[in-house]
Structure formats: structure tokens, C-alpha cells
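*Asks:* Make a model of this:
(2 chains)
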Number of protein chains: 2
Amino acid sequence: MFFEGSEKKFELSVVAGVSSLREIPRAIYDECVEKSEAQILSVVSSDQCDAYLLSESSLFVWDDRITMITCGNTKLCHAALFIIDHLGQDNVESFFYERKNEYYPRKQSSDFFDDVECLSKKINGTAYRLGQPNQHHLYLFHGNKKYEPPKSDRTIELLMYGLSGEANEIFSKPNNNSQSIREFLNLENAFPGFKFDDYVFSPVGYSCNAVKGSDYYTIHVTPQDEGPYVSFETNVKGMTAKSVVESVTNIFKPSCFDIIQFDSGQLEDIQFAGPRKLNAVKDKIGGYNVLFKSYYNHSEDYKKADKLKL
Amino acid sequence: MFFEGSEKKFELSVVAGVSSLREIPRAIYDECVEKSEAQILSVVSSDQCDAYLLSESSLFVWDDRITMITCGNTKLCHAALFIIDHLGQDNVESFFYERKNEYYPRKQSSDFFDDVECLSKKINGTAYRLGQPNQHHLYLFHGNKKYEPPKSDRTIELLMYGLSGEANEIFSKPNNNSQSIREFLNLENAFPGFKFDDYVFSPVGYSCNAVKGSDYYTIHVTPQDEGPYVSFETNVKGMTAKSVVESVTNIFKPSCFDIIQFDSGQLEDIQFAGPRKLNAVKDKIGGYNVLFKSYYNHSEDYKKADKLKL
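*Replies:* Reported below is the predicted structural model:
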């Protein structure tokens, strides 16, 4: 029953003069997603962005940019190579590939180094690890083509481990309905005015995409006991990173969480009163200021050992 | 150049009436160690214990008890099955198997669940995980035969991640000599009166065993950049667990460390002024009081990303 919630992600932008990525036929995106061994389930659009909900996470398409995120045992680099081929290598301006640490790396069909080997067929790039390999960490690969990201280009990724309280109850209930989940999340409160699309997986699991102009957010919930995980990601403008993170951690109440921030300008380095910072990595990578931080909620309580099913 | 320092371990005791395990011919222990795909390098003995230094860690043999620890990509459960067969299943009183979380689980030939499947051919047992699977954790399997450990039976295992300062310099220096390493460690100071045996691996890596009566300690150093790791383990009497742990962490100055304690009686629950406790698991398992705790040294500093060789 284990499902790896931890994600792989690529983002690419195209050079000026390439026709809108939103005009590429749907069949191409279907094929792109199939290359990763996922499927498109549904789509919701704003005036500037198409948000595809996938059987394993999400695909966002803007006029000049694509972000694709997949979890489970998907082969995202195959999707990346397919879309780079479709666009033509020279038309790709920037390319970033991320891979987060997994709960069960042995159950994956590749590791980050395998993925980079695959991507290097098309992209001449540089690779980094943010964080120590025995703690939470992020692997990052980016194309070496010189790239200056747009002003006010900011992404916040929030990776949450363990769910507690009401979130755990709601998401652990088999075949729960979308309506009760939406009411619990109450996302319109924190992120008003977004067009919203969601999917409840059977027996458990939940995904949603939301778009407003060029802004998006996306949530993927993997409540399985063997590796409870929730990811949130957004490029929303007009909110501090701190208010974004606090809104979401207040919903899911994770036992620990990682924050990844990309900012073309000055980073907002969030400070928390409650959670303790385990480690922090800050660097300038591929034209962005990048910050990776790991937090946990301290408790003096002793846990019991988990008895394992054999 | 990566070498997985993180260990697997088994410990077994025999029922009363079985002849001394120290009288089993050396060829049997050679074969036992070879089953794990390691070799015996040397041996040092006290009046009560034979301590074999292995190409991957250590084997200790007492009259009624065996402890074997192996790192790298060894197959310790094959060695365990071999020795159980040699002794006869009914002569095995207690059996414990441990596996610590690894830096690179994908490079291992098995995981804990595979090992338990293998061990279950001979041992009807129960399995636990101490700690969350996304943080440092310990897997533990033990035989279900009712077992009351001897009084004052205490083991302290200390798993250290990252070396800093002088320890890092000494152990990162290729083909360093035993003499300068011994002088640096100055173990006679913390643990006086032990008979000592050590081995310097090429280009890097260091192991030592030491025995005094029924007491032992052992250290294994894997300084490689991709996964710097040091393990220490002892059953030494007449010292508090706190003084043992502080003596050793003062030598290696790890960035984080885990402590595993087994005690047949009351556990000494160490408190530290400096390092921060990340999590703690306490339980009664297989007749022992067991404590697993993770610590890290807090720093407000931001690290840089690690650029990876491709």
C-alpha cells in the first residue's frame, strides 16, 4: 500500500519568438505525460495558464513556460526529453530539474544521477545537492545556458511530512468525498479568487490545482501510514512567503517540513516562532536566489516503536 | 568512491549447556564472515572475548554470545543463517538483528524487509522501526522465544554523521598511519586498560576493536565526502552512558548523531546541554529497555549548495 509522495519536477522556459506553449495540441501534452507513465485527468484554465491535474501530480503550461511535477514511481525525465524534442533544443531558454529526497529510494526506478544522465542527452547542465545526504535534501540540475529570470519570479515549495489532527482524519478516511475535503481545506480563505480543480484518489490520496491569471498553486496529499506526505507549491503574488507557509502548515500540521524558495530578486527568509530550523542552504543557482530549509516541530515526548507488518 | 558506513548487526545468545562459542574452530568463523562477503583481518582476545576485526566492521565472540556488525554492501543475514545452522536452531536462545538507515539505500543489495524474509527461514520473530522513515531511524528484528537478558546487560551504540575539525583532517588524509591516528584518538584516556587492535584502510577508512574482560568497544570511520560516518559501540561497565557518549563525540565532533541504548535494567536517559534532540523513541523490546534518540548541533549558519560531479 506504499505510495511515494515525494516529487520530481522540471520547469522550462522558451526563447522569445517561439509560439505560445498553450497552442501546442492537447495530444502532445497527453503524450508528454504518458512518457512519464502518468495520465492527464482534467484541466482548468485561467487567461494565462492551463493547469492539468495528473494521475501523479500536475502540469502547468503558460505561453512561455512549462512546469511539470510528478510523484510515485514516474519517469519525469522521459517527459522532459519528449517536450524538449518537440520544442527543439535551441528553443529552450532555461531548464531546471529537481528531485526531493524520497521515503523509499529503493522502490524508485531511477535516482537523481540516473535522471541527470538521461537529461544530459539534451541539456548541458550543472547539478547540486542542497542539504546533507543523511538529512532532508534537494537535488537540483539546471541547463548551463545563461538565463536571467523575469522580475518578481518567485516559487515557494512546501514539503510536509506526517499529517496530524483533523487533516489526518479527513485524508485517511477511505473514499472520502471532494466536498468534505474542500470544506476542510477552505483554501478560498487563504488564496481567494482562484479557479479550482481537484481529484480524490481511491482508496486515499488527494490532488488539486488552482489558477488565477499567471498565478497557480497545487497540493498533493499522500496520507498512507508508510510515508505520510503533503506537497504544496505556488508562485502566488501579493502575499508574503511567511503567510503562504503558515496558511498551509496550519491546515496540515505536519511533524516536519521543508521549504524551497526560488526568487529572481531578494529572498524572503522566513523566521518562525514555533518550528525549529534543522538546517538551511542558501545559494545563487541558475539565475535564482535559492533557499532550502528544513523545520521540525519539537516535542519532549517519547514515541513508541512502530511494530511492522511482516 | 562512496562507501556505505551505516551498519547491519546481529547478536545472538545460546541456551545454557551449549559448549563455549569461543571453542568453535576459527575456520567456522572464517566461513561465517565470508558468507557476509567480508573477511577476518585480525583478532585480539581478552580472557572472556575474542574480537575479530573484519574488512567490513567487527565480530565479537564470548562463551555464550556472538555480536557481528558489518557495513558496506555486506550480506549479514547470510552470516547469521550460517551460524544459526551451525549451532542448531534450538540452541539459539535470543536473536536480534538491527539495520540503521543508510545514506544510499539504492546501492544496497537488500533492504531490511528482504533481510527479515531471509532470517525468517530460521527465526520466528517480530520487527520494529524506531523513528520516522523520513528521518534517522533504526530497524529491529528479534526472535520471539521468551528471553530474559542478564542483569547489567547494557549496550550503547553511537552513530555519528559528518566529521569536523581535526578528526576530519586526520581521517581524510589518504593512507595515514595507525600511529598518528591512535595518538589523535587517545582512547586509552577515555577507556583505560583495553587490549587494542586496529586497521587503516586504503585510501581512507579506519576500524578498531578493543576488549577488557567481557567488555568491548569498536569504532569504524568512513570519512568519504559522499557519506561521512563514524560508528562507536560498547558494553563497557563502570562508566555512565553520558560520559561514554561525550568522550566519543568530543573526538569526532559530528554534525549530528544517533544514540541507541539497550539495557536489561533501568535506562540512563542522557541529557545534553549543547546538541538538540530531534526525536526520541523508547520502548520495551525483546526483554530490553530500548532507547533511540537523534541529535544535531544547531547552527544559524547558512550552507552553500554542494556542486556535484557529473
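*Asks:* rest of the way, CA atoms for contacts and neighbours
*Replies:* Fine.
*Asks:* Quote the end-to-end distance of stretch A:99-119.
*Replies:* Its start and end residues considered, stretch A:99-119 measures 13 Å (CA to CA, to the nearest Å).
*Asks:* buried residues in it?
*Replies:* Going by neighbour count (16 or more other CA atoms under 10 Å in any protein chain shown), the buried part of stretch A:99-119 is A:R99, A:K100, A:N101, A:E102, A:Y103, A:Y104, A:P105, A:R106, A:F112, A:D115, A:V116, A:L119.
*Asks:* Could you tell me which residues of the stretch 101-250 of chain A lie near chain B?
*Replies:* A:102-103, A:105-106, A:113, A:126-131, A:133-136, A:161, A:226-227 (CA under 8 Å from any CA of the partner chain).
*Asks:* for chain A, what spans make up the helices?
*Replies:* A:26-35, A:76-87, A:112-119, A:165-172, A:178-185, A:187-190, A:241-252 (DSSP state H).
*Asks:* Could you work out which of those reaches nearest to A:L12?
*Replies:* Closest of the helices of chain A to A:L12 is helix A:76-87, at 8.9 Å (criterion: CA to CA).
*Asks:* picking up where we left off before, I'd like the buried residues of stretch A:99-119 laid out as CSV, including pLDDT and distance to B:L187.
*Replies:* Shown next, in CSV, are the buried residues of stretch A:99-119 (pLDDT from 0 to 100; distance: CA to CA, whole Å):
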residue, pLDDT, distance to B:L187
A:R99, 98, 42
A:K100, 96, 40
A:N101, 96, 37
A:E102, 96, 38
A:Y103, 95, 37
A:Y104, 95, 38
A:P105, 95, 38
A:R106, 94, 38
A:F112, 97, 40
A:D115, 98, 45
A:V116, 98, 44
A:L119, 98, 49
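*Asks:* quick one: contacts for the residue lying closest to A:D258 once chain neighbours are set aside?
*Replies:* Using CA to CA, 6 or more residues apart in numbering or on different chains and skipping the chain neighbours, the partner closest in space to A:D258 is A:S294 (4.3 Å). Counting by CA atoms under 8 Å, 6 or more residues apart in numbering or on different chains, A:S294 makes contact with A:H136, A:C256, A:F257, A:D258, A:I259, A:K277, A:L278, A:N279, A:A280.
*Asks:* before we move on, what about A:A305?
*Replies:* A:A305 makes contacts with B:Y128, B:R129, B:L130, B:G131, B:V281, B:K282, B:D283, as judged by CA under 8 Å, 6+ apart.
*Asks:* Mind doing that once more with 10 Å?
*Replies:* The contact partners of A:A305, taken as CA atoms under 10 Å, 6 or more residues apart in numbering or on different chains, are B:127-132, B:138-140, B:280-285, B:290-292.
*Asks:* before we move on, what about A:F3?
*Replies:* Here A:F3 is in contact with A:71-73, A:103-104, A:107, A:205, A:222-229 (CA under 10 Å, 6+ apart).
*Asks:* Looking at these, which are in strands?
*Replies:* A:T222, A:Y229 (DSSP state E).
*Asks:* so A:S243 makes contact with A:K237?
*Replies:* No: here A:S243 lies out of contact with A:K237, judged by CA atoms under 10 Å, at a distance of 11.5 Å.
*Asks:* picking up where we left off before, now a ChimeraX select for only the buried ones of the contacts of A:F3.
*Replies:* Buried subset of the contacts of A:F3, written as a ChimeraX selection, criterion 16+ other CA under 10 Å:
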select /A:71,72,73,103,104,205,222,223,224,226,227,228,229
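*Asks:* which of the contacts of A:F3 sit farthest apart?
*Replies:* Pairwise over the contacts of A:F3, using CA to CA, the maximum falls at A:K107 and A:G205, 18.9 Å.
*Asks:* Check A:M1 and give its pLDDT.
*Replies:* Confidence at A:M1, expressed as pLDDT, is 67.
*Asks:* likewise A:S164?
*Replies:* We have a pLDDT of 89 for A:S164.
*Asks:* do the same with A:L310
*Replies:* 86.
*Asks:* Quickly list what the residue nearest to it when sequence neighbours are not counted is bridged to.
*Replies:* Nearest residue to A:L310, sequence neighbours excluded (CA to CA, 6+ apart): B:A127, at 7.4 Å. As for beta bridges, B:A127 partners with B:F141 under DSSP bridges.
*Asks:* hang on, isn't B:A127 packed against B:F95?
*Replies:* No: under the criterion of CA under 10 Å, B:A127 is not in contact with B:F95, lying 11.9 Å apart.
*Asks:* shared neighbours of these two, which are they?
*Replies:* In terms of CA under 10 Å, 6+ apart, B:A127 and B:F95 are both contacted by the residues B:F141, B:H142, B:G143.
*Asks:* ok so, going back, now the buried members of the contacts of A:A305.
*Replies:* For the contacts of A:A305, buried by 16+ other CA under 10 Å: B:127-132, B:138-140, B:280-283, B:285, B:290-292.
*Asks:* re the thing from before, give me the subset of the contacts of A:A305 that lies in strands.
*Replies:* Short answer: the contacts of A:A305 in strands (DSSP E) are B:127-130, B:138-140, B:280-285, B:290-292.
*Asks:* out of those, who's nearest A:F272?
*Replies:* Nearest member of these to A:F272, counting by CA to CA, is B:A280, at 22.9 Å.
*Asks:* Could you count how many residues lie near the closest residue in space to that closest one that isn't next to it in sequence?
*Replies:* Nearest residue to B:A280 in three dimensions, chain neighbours excluded: B:K293, at 4.3 Å (CA to CA, 6+ apart). Applying other CA atoms under 10 Å in any protein chain shown, we find 24 residues neighbouring B:K293.
*Asks:* do A:E34 as well
*Replies:* Other residues lying near A:E34 total 17 when counted by other CA under 10 Å.
*Asks:* gap between the nearest residue to it once chain neighbours are set aside and chain B?
*Replies:* Using CA to CA, 6+ apart and skipping residues adjacent in sequence, the residue nearest A:E34 is A:A79, 7.5 Å away. Separation of A:A79 from chain B (CA to the nearest CA, to the nearest Å) stands at 21 Å.
*Asks:* show me what contacts A:G286?
*Replies:* A:94-96, A:125-126, A:141-149, A:264.
*Asks:* In strands, which of these fall?
*Replies:* The strands, defined by DSSP E, take in A:S94, A:F95, A:F96, A:G125, A:T126, A:F141, A:H142, A:G143 from the contacts of A:G286.
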